[in-house]
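1. sequence first, then the predicted structure:
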Amino acid sequence: MTQEQIIRNCENLLEGNSQDPLYQMLFMMMNMLMEMEANKITGSEKGEHNSERTDYRSGYRPRRFDTRLGTMNLQVPKFRNNGYVPFFMQDRQRSEEALISMVVEAYTNGVSTRKIKHLAESLGIESITPGEVSQMNKSLDEMVKEFHEQKLEKEMPVIWIDAVYEKIRVGKHVKSMAVMIVKAINMDGKPTIIAIEAMENESEATYTEFFNKLKARGLEKVWLCVSDAHPGLQAAIRKCWTGSVWQRCKVHFMRNIMATVPKKQKENFGAELKKIWQAETREDAIKLKDAFIEKYADKYEKAVECLEEGFEDSIQFYGFSKIDSRKISSTNTLERLNKEVRRRSRAVGIFPSTESYLRLMTASLIEYSEDHLTGASYISAETLREQKIDLEKEQKAA
C-alpha cells in the first residue's frame, strides 16, 4: 500500500465514508504492518529491483483472523524461501489459545508439574481471568465441533492413516490412548487433514466406527488407503471402503522385517532390502524380491517369511502409475505431521482430559490444513485426472 493510498483511506475514514471506521482502520493497519514485514523479509520494496534482496514474494494466501471488532479476511504475503505468519497472529493463534486453555485446566485438576508451571508463566496465564478462559473454551469447542462435522468431498484419491499415542487423564487414571489422524488429498491434489480422534483401543470395531463417521460427513469413495498393517485397521478398511485399494506402508513393513535381523547385519541387509521398492516397475520389484529371498532364505528365515507374507500388499502403489510412488507408498507424509503433533504434546506431557488434547491438536491441524490448502498441490490435478481415466479403463476391462 503506497503512502498516497494510506492518506486517501485515512481521509475517507475521517469523512465517515465507512460503515465501521474502527474496523476499516484496523484492517488497513494490519495490511500496512504485513507490507512492512514483507519488505523486511525480502530486503526490498514491492516491485523494486534490488541486488541485495534476500527473498522474493510469491503471491498471497487468504487467512481468517478474528478480532473484537469482527472477522478480518486478510491476504497474507507468501515468500519463495520463507514461511510467514504476521506477528499479530502469532501472539494469539487458535493453537495457542488451546494450549492456554489446557494449561488452565491442568491447574484446576491438580495435575500441574514444574514444566506446566513454567509453560503457564511463559504464556501469561496469571493475567488471564476465569471469564476469558471460559469464553476461550467456548470458541475452541465450537471450532472442534465444526471441524469434526464439516462436510467432506465425495471422492478423495488417497488417504493416509496413522496413530500417535498420548498420555491422557480419564477420570482418576492416566491412560495411553491412540489418537488417529487422517490426511487426504482432494481431486485438486491439495493435502488436508480430515479427521483426528482419540481411541482407548485399536480394534476393528473402533476403526469401523471411525470410518463410518467420515462416510456420514460425505466421503463415499477412496482410491487408495495407506496405513500400517494393524489387523483391525485392515478389516475396517475392507468393510468400509469397498472397491478401494489398501497400500501397506513400505516403511513400517521394512521395520517389521528388519526387527528380525541381528543389529550388526541391519545396515547392509536394509540397504539391499530397500532397493526392492525402488524398482521402476512391479515386475522388476518382484524379480528383486525373489532374488533377495533366494539369497537370505537360509540365513534369515523369519525376515524372509515376513517379506513373503506382506509383499503383495506393500507394492499396490505400482497400480497408480501416473502418481509419484514416493508420495503414496508410505505414510511418511503423515509421520512428518505426527512429529509436529508430538513436538507440541511433548511440552505438556500428560493431558488433563481428552477434550483439552483435541482442542490443542485440532487447532494445530486446522492451521496446518489452511496453510497447505492455499499452497502448492501435493499431486497435480492433471495427474489425478489422468490416473482416474486409467482406473476407469481398468474397471471396464475387468
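-> Looks like it arrived, so ask away.
2. low-confidence stretches in the stretch 101-250 of the chain?
-> 101-137, 139 (pLDDT under 70).
3. C-terminal to the longest strand along the chain, what's the next element?
-> In the chain, assigned by DSSP state E, the strand with the most residues is strand 155-170. Next along the chain after strand 155-170, taking DSSP states H and E as the criterion, comes strand 173-185.
4. tell me the strands beside that following strand, with direction?
-> Strand 173-185 has these partner strands in its sheet, going by DSSP bridges: strand 155-170 (antiparallel), strand 191-199 (antiparallel).
5. out of those, which is closest to Thr383?
-> When the strands paired with strand 173-185 are compared by CB to CB, strand 155-170 sits nearest Thr383, at 9.6 Å. The way it works is simple: take the backbone N, C-alpha and C, and place the C-beta from them, glycine included.
6. please confirm that Asn82 is located within a helix.
-> No. Assigned with DSSP: H, G, I helix; E, B strand; the rest coil, Asn82 falls outside any helix and is coil.
7. ok so, going back, which of the strands paired with strand 173-185 sits closest to Ser353?
-> Between those, strand 155-170 lies closest to Ser353; by CB to CB that is 6.1 Å.
8. can you give me the buried ones in that closest one?
-> Met156, Pro157, Val158, Ile159, Trp160, Ile161, Asp162, Ala163, Val164, Glu166, Ile168, Arg169 (16 or more other CB atoms under 10 Å).
9. with stretch 302-318 instead?
-> Ala303, Val304, Cys306, Leu307, Gly310, Phe311, Asp313, Ser314, Ile315, Gln316, Phe317, Tyr318.
10. again, but for stretch 236-245
-> Those buried within stretch 236-245 under the rule 16+ other CB under 10 Å are Ala236, Ile237, Cys240, Trp241, Ser244, Val245.
11. if we can go back for a sec, out of the buried residues of strand 155-170, flag the one nearest to Gly189.
-> Looking across the buried residues of strand 155-170 and measuring by CB to CB, the closest to Gly189 is Pro157, at 8.1 Å.
12. contacts only, for that closest one.
-> Residues near Pro157 by CB atoms under 8 Å, 6 or more residues apart in numbering: Ile185, Asn186, Met187, Val222, Trp223, Leu224, Ile379, Leu384, Gln387, Lys388.
13. roughly how far does it sit from Gln234?
-> 20 Å (CB to CB, to the nearest Å).
14. can you get me a residue count around Ala291?
-> 12 (other CB atoms under 10 Å).
15. in which helix or strand does it reside?
-> Counting by DSSP H and E, Ala291 is part of helix 282-296.
16. pull the residues that contact that helix.
-> In contact with helix 282-296 (CB under 8 Å, 6+ apart) are residues 269, 272-273, 275-277, 279, 303-304, 307-308, 311, 315, 318-319.
17. 6 Å - rerun?
-> Applying CB atoms under 6 Å, 6 or more residues apart in numbering, the contact partners of helix 282-296 are Ile276, Ala279, Val304, Phe311, Ile315, Tyr318.
18. now the last one: closest residue in space, sequence neighbours ignored.
-> Which is Tyr318. Once flanking residues are discounted, Tyr318 sits nearest to Arg282: 3.8 Å by CB to CB, 6 or more residues apart in numbering.
19. how much space separates the one you found from Ile168?
-> 42 Å.
20. ok, Phe253 - how many residues close by?
-> 24.
21. wait, what's in contact with it?
-> Applying CB under 6 Å, 6+ apart, the residues near Phe253 are Gly310, Ser314.
22. got the CA coordinates for the helix or strand containing it in CSV?
-> If you go by DSSP H and E, Phe253 is part of helix 250-258. Below are the C-alpha coordinates for helix 250-258, written out as CSV (Å, rounded to 0.1, in the frame of the first residue of the first chain):
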residue,chain,number,x,y,z
LYS,A,250,6.5,-49.8,2.9
VAL,A,251,8.5,-48.0,5.7
HIS,A,252,6.5,-49.8,8.5
PHE,A,253,6.8,-53.1,6.6
MET,A,254,10.6,-52.7,6.3
ARG,A,255,10.9,-52.0,10.0
ASN,A,256,8.9,-55.2,10.7
ILE,A,257,11.3,-57.2,8.5
MET,A,258,14.4,-55.5,10.0
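23. from the chain's centroid, how far away is it?
-> Remark: helix 250-258 is offset 23 Å from the chain centroid, using CA atoms, centre = their mean, to the nearest Å.
24. circling back: may I ask which two of the contacts of helix 282-296 are separated the most?
-> Among the contacts of helix 282-296, Val304 and Tyr318 lie farthest apart (CB to CB), at 21.4 Å.
25. contacts for stretch 268-281 next, please.
-> Here stretch 268-281 makes contact (CB under 6 Å, 6+ apart) with Lys250, Met258, Val261, Ala285, Leu288, Lys289.
26. swap in stretch 384-398?
-> With CB under 6 Å, 6+ apart as the criterion, stretch 384-398 contacts Pro157, Met187, Gly189, Phe320, Lys322, Ile323.
27. and the contacts of Pro157, which is closest to Phe351?
-> Ile185 (29.7 Å).
28. ok, the closest one - contacts?
-> By CB under 6 Å, 6+ apart, the contact set of Ile185 is Pro157, Val158, Pro191, Tyr378, Ile379.
29. try 7 Å this time
-> Met156, Pro157, Val158, Pro191, Tyr378, Ile379 (CB atoms under 7 Å, 6 or more residues apart in numbering).
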